[in-house]
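Participant: Quick one, fold the following:
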Amino acid sequence: QVQLEESGGGLVQDGGSLSLSCTASGRTFEIQALGWFRQAPGKEREFVAAVSIGGVRNNYGESVKGRFTISRDNAKNSVYLQMNRLKSEDTAVYYCAARKGDYPTTTQHTYDYWGQGTQVTVSS
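Facilitator: Predicted coordinates:
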């Protein structure tokens, strides 16, 4: 099994920045692609960003392109999400996800492991 733990959520003003981290433990050798999803109250879980194991390939959700950046440090079994120019509509619980395949897919059912989530609130 793989355990994922997110950190870095919090309250930030509209237009501000926040950085999320996620660290994996357990059978980390199973992990290849890592991603971030989010879920706002009353809405379905939404893809945010994902990155391949080598960091060469990544994908972003349309609503965050140009504002969010995903990166990873394999030596630390960690993935990061730098969020800039935050908007109130970015308010959600952010989940870290890991999959055994290398392609950074955008659909949640392709991910094998999930973290518990961290709350991000953007105040307008």
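
Participant: Can you name the residues in contact with whichever strand in the chain runs longest?
Facilitator: Looking across the chain with DSSP state E, the single longest strand is strand 18-26. Residues from elsewhere that reach strand 18-26, judged by Cβ atoms under 8 Å, 6 or more residues apart in numbering: 1-10, 12, 31, 34, 36, 76-83, 86, 94, 96, 98, 113, 115, 118, 120. No exception for glycine: its C-beta is placed from N, CA and C like everyone else's.

Participant: Report the buried members of those residues.
Facilitator: By neighbour count, with 16 or more other Cβ atoms under 10 Å, these hold 2, 4, 6, 8-9, 12, 31, 34, 36, 77-81, 83, 86, 94, 96, 98, 113, 115, 118, 120 as buried.

Participant: Quick check: which element contains the most centrally placed residue in the chain?
Facilitator: With distances taken as Cα atoms, centre = their mean, residue 36 lies nearest the centre of the chain, 2.1 Å away. Using DSSP states H and E, residue 36 sits in strand 34-39.

Participant: pull the CA atoms of that strand into PDB?
Facilitator: Taking C-alpha atoms only, strand 34-39 is exported to PDB below (Å, rounded to 0.1, in the frame of the first residue of the first chain):
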ATOM      1  CA  LEU A  34       1.400  11.900  -9.400                       C
ATOM      2  CA  GLY A  35      -1.500  14.300  -9.600                       C
ATOM      3  CA  TRP A  36      -3.700  16.800  -7.900                       C
ATOM      4  CA  PHE A  37      -7.500  16.900  -7.900                       C
ATOM      5  CA  ARG A  38      -9.900  19.200  -6.100                       C
ATOM      6  CA  GLN A  39     -13.500  19.200  -4.900                       C
END
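
Participant: Which secondary structure elements does it sit against?
Facilitator: strand 18-26, strand 46-51, strand 68-73, strand 78-83, strand 92-98 (3 or more Cβ pairs under 8 Å, 6 or more residues apart in numbering; DSSP states H and E).

Participant: redo that, cut-off 7 Å
Facilitator: strand 46-51, strand 92-98 (3 or more Cβ pairs under 7 Å, 6 or more residues apart in numbering; DSSP states H and E).

Participant: Can you list the neighbours in contact with the shortest one?
Facilitator: Translated: strand 46-51. Residues outside strand 46-51 that contact it (Cβ atoms under 7 Å, 6 or more residues apart in numbering) are 33-39, 58-61, 64, 68, 70-72, 79, 81, 104-106.
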